[in-house]
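Colleague: Please work out how this folds:
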Amino acid sequence: MLNEKEKLNDIINVSYEITQVQDLDLLLEIILSKARSFSNADAGSIYIVEGDKLKFQCNQNDTQQKKLPQGKKLIYSTFTVPVDSRSISGSVASTGEMLNIPDVYDIPPGTPYSFDSHYDELSQYKTQSMLTFPLKTNRGDVIGVLQLINARKPDGEIVPFSKDDEPFIMYFANNAAVAIERAKMTRALLLRMIGMAELRDPKETGAHVNRVAAYAVEIYETWAQECQCQGEQIQKNKDILRMAAMLHDVGKVAISDLILKKPERLNDAEFQVMKQHTYLGARMFSDLFSSFDEAAYQVALNHHERWDGNGYPGHLNPMTGKPISGYEDKNGLPRGKKGDEIPPFGRIVAIADVYDALSSPRAYKDAWDEGRVLETIRGESGKHFDPDMVEAFFSSLDVIRNIAKRYPE
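Modeller: Residues are numbered from 1 along each chain as shown. Take a look at the predicted model:
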């Protein structure tokens, strides 16, 4: 058992660690994981305030996770609850006060909030003890709720959450709220950049880029684990890939409206102009001040390359749009990058982008049914796509389907 000084040091170290994470989705996963670890909670959730509602944004459950095959993730549905006194999470959000409940099935009569056992029935899970904290910013605003479920003794017995741990978790929750607020601002800035592209290209929506980015992270994580990459490096790369992938088509702001908004397929000349969005987007990140700049540069430049070398823009200098000397094809044009010449992030976003494009309606086509989309992805293994990453895509398919539901048009 840790003493108070050790617990405080642990919380301070964890609080510093979460300040290094920039992407909102990944940050929520880490916050929940760290809070559960500190309190030895079997499960937990995070809700984020959106107007007068709480949106269920993140969920973890060790008991249910153990029932899944190795490498698979829990699938959960996103829903909202009102910020009011009727539910436990809503009450914490509305009052800004923590609730430590020994047994949610034994809440005293007359208490304004109640536990909805419907969720236990759906998941076939028994909730007992629950510790629910408000996520407050430095201004005192509640931006979310952190809920920990079923504290465990070392032998697995479910017990109430320790009151001695409450001040430590509250300190962590306050730091987590500041990190979440910062990550939300970062996400908002990225979506504003994408909003500029959306004004030009109606297909470039916030939902589309959020889906592509989230798909890319899932494919990357599965692929990286198969490659036995270090866990710390995987977490770091997930963080920057999530943001970089959102900006994969940002170069379209430089393409003519006559091409971007054409309500039918482009002709050959128009398509040649459209191809320029890859290196024009890369130019925006050519001053490589950070790992994010490097990732965004690689994604923008390479997400239309093909594993077989027949993609674009190929081996060119993004600043000039001209071929790199020695990499011209027989027509004097840049030779397409092939195989491992394409950076991993570019190969990953290529799959994520094509999957979403085929699954979504366009001015010139209806959305394809899933069977046809998956058959196409599989058929392009070794041609358009890296075969190993195609396998990672199919291994992640349950999560990818769930992501599509979380970010509808």
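
Colleague: how about the strands in the stretch 201-350 of the chain?
Modeller: In the stretch 201-350 of the chain, the strands defined using DSSP state E, counting those that start in this stretch lie at 316-317, 322-323.

Colleague: Switch the ones you listed over to CSV; also include mean pLDDT.
Modeller: Listed next are those as CSV, based on pLDDT from 0 to 100:
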stretch, mean pLDDT
strand 316-317, 96
strand 322-323, 95
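
Colleague: out of those, nearest to Asp120?
Modeller: For the strands of the stretch 201-350 of the chain, distance to Asp120 was read as C-beta to C-beta. The smallest value, 57.3 Å, belongs to strand 316-317. C-beta here means a position set from N, CA and C on the backbone, and glycine is covered the same way.

Colleague: Residues contacting the closest one, please?
Modeller: 279, 322-324, 327, 334 (C-beta atoms under 8 Å, 6 or more residues apart in numbering).

Colleague: quick revisit: just send the strands of the stretch 201-350 of the chain back as TSV, with mean neighbour count and distance to Ile259 too.
Modeller: TSV is the format used below for the strands of the stretch 201-350 of the chain (neighbours: other C-beta atoms under 10 Å; distance: least, C-beta to C-beta, whole Å):
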stretch	mean neighbour count	distance to Ile259
strand 316-317	17	20
strand 322-323	16	22
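
Colleague: Switch those strands over to JSON lines; also include distance to Asp369.
Modeller: Shown next, in JSON lines, are the strands of the stretch 201-350 of the chain (distance: least, C-beta to C-beta, whole Å):
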{"stretch": "strand 316-317", "distance to Asp369": "37"}
{"stretch": "strand 322-323", "distance to Asp369": "40"}
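
Colleague: Out of the ones you listed, flag the one nearest Ser360.
Modeller: Comparing the strands of the stretch 201-350 of the chain under C-beta to C-beta, the one sitting nearest is strand 316-317, at 29.1 Å.

Colleague: before we move on, the earlier item: among the contacts of strand 316-317, which pair sits farthest apart?
Modeller: With C-beta to C-beta as the measure, no two of those lie farther apart than Tyr279 and Tyr327, at 13.9 Å.

Colleague: These two: who's more crowded?
Modeller: Neighbours were counted for Tyr279 and for Tyr327 using other C-beta atoms under 10 Å; Tyr279 has more, 24 against 15.

Colleague: ok, so what distance separates that one from Met193?
Modeller: 18 Å (C-beta to C-beta, to the nearest Å).

Colleague: Repeat that for Gln235.
Modeller: Distance check for Gln235 against Met193: by C-beta to C-beta, it reads 24 Å.

Colleague: what do you get for Gly251?
Modeller: Gly251 is 11 Å from Met193, by C-beta to C-beta.

Colleague: For the two, indicate the residue with more neighbours.
Modeller: Between Gly251 and Met193, counting by other C-beta under 10 Å, Gly251 is the more crowded of the two (22 against 16).

Colleague: With adjacent residues omitted, what lies nearest to the more buried one?
Modeller: Gly281 (2.6 Å; C-beta to C-beta, 6 or more residues apart in numbering).

Colleague: just checking, the one you found touches Val250?
Modeller: Yes: here Gly281 lies in contact with Val250, judged by C-beta atoms under 8 Å, at a distance of 4.8 Å.

Colleague: Between those two, which contacts overlap?
Modeller: Common contacts of Gly281 and Val250 (C-beta under 8 Å, 6+ apart): Ala300.

Colleague: Compute the number of surrounding residues for Ile324.
Modeller: Here the count is done by other C-beta under 10 Å, and Ile324 has 13 residues near it.

Colleague: no no, Ile255
Modeller: A count of neighbours around Ile255, defined by other C-beta under 10 Å, yields 21.

Colleague: Quick check: closest non-adjacent residue to it.
Modeller: Computed as C-beta to C-beta, 6+ apart, the closest residue to Ile255 that is not its neighbour in sequence is His277, at 5.5 Å.

Colleague: Great, nothing more from me.
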